[in-house]
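Participant: My questions concern the predicted model and sequence given below.
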Amino acid sequence: MSSGRKSLSPLCLSDPVFVEQQSTPGIPLQGIVAHLGPVSFSDDKDDWIGVQLTGPSVGLGKNDGSVKGVRYFDNVGANGGMFVRKGSVTRRKLSRLQELQLKRELAMKKSNGSNDYARKAVLGGPIGSTVGGEESMGARTPMAGTSKSASK
């Protein structure tokens, strides 16, 4: 990942992010932070980040917000989510238009209960997004530090 995109401030729920994958270097996925912290599928000390994929990245994930029967976040269809180590994720800056587009995308996913609208969406941002079935606006949970990645 290029150092020009690295973010030094902690990530929070609903932050728009890029996810760098080892399988597709230089072509990051887009999403929002949907889960921060420990997970039951790993004993590693490093925290994992659950990402709800958005825009053109919908459907390119590895899970639906759950791993090994444990649900970490909702409102994601098949292959609409993934878990990665902190070092694979960087915050992305959005224009006002991109913020509005993602707000609409996430609202449509929530009301439809599917990713049908998201497949047609252009780009994203975190304004008023829903994470884990709870409204996350104003309830930001910070997470500091970085480590190298592996995705689930």
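Facilitator: Everything's here; your move.

Participant: In PDB, list the C-alpha atoms belonging to stretch 64-75.
Facilitator: Extracted as PDB, the C-alpha positions of stretch 64-75 are listed here (Å, rounded to 0.1, in the frame of the first residue of the first chain):
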ATOM      1  CA  ASP A  64     -21.400 -12.200   5.000                       C
ATOM      2  CA  GLY A  65     -20.300 -10.600   8.300                       C
ATOM      3  CA  SER A  66     -20.100 -13.900  10.100                       C
ATOM      4  CA  VAL A  67     -17.300 -16.400  10.500                       C
ATOM      5  CA  LYS A  68     -17.600 -19.900  11.800                       C
ATOM      6  CA  GLY A  69     -21.200 -19.300  12.900                       C
ATOM      7  CA  VAL A  70     -20.500 -16.100  14.800                       C
ATOM      8  CA  ARG A  71     -22.100 -12.900  13.400                       C
ATOM      9  CA  TYR A  72     -20.000  -9.700  13.800                       C
ATOM     10  CA  PHE A  73     -22.000  -7.300  11.600                       C
ATOM     11  CA  ASP A  74     -25.300  -7.300   9.600                       C
ATOM     12  CA  ASN A  75     -26.800  -5.900   6.400                       C
END
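
Participant: Would you mind listing the buried residues in it?
Facilitator: Along stretch 64-75, the positions that meet the burial threshold by neighbour count (16 or more other C-beta atoms under 10 Å) are 64-65, 67, 72-75. C-beta here means a position set from N, CA and C on the backbone, and glycine is covered the same way.

Participant: Specify which member of the residues you listed is nearest to Gln101.
Facilitator: Ranking the buried residues of stretch 64-75 by separation from Gln101, with C-beta to C-beta as the measure, puts Asn75 on top at 16.6 Å.

Participant: The closest one against Gln52, yeah?
Facilitator: Yes - using C-beta atoms under 8 Å, Asn75 is in contact with Gln52, at 7.1 Å.

Participant: neighbours around Thr54, how many?
Facilitator: Residues near Thr54, counting by other C-beta atoms under 10 Å, number 28.

Participant: List the ones among the buried residues of stretch 64-75 that fall in helices.
Facilitator: Using DSSP state H, no member of the buried residues of stretch 64-75 sits in helices.

Participant: Point out where this structure drops to low pLDDT.
Facilitator: Within the chain, the segments meeting pLDDT under 70 span 1-8, 45-46, 113-152.
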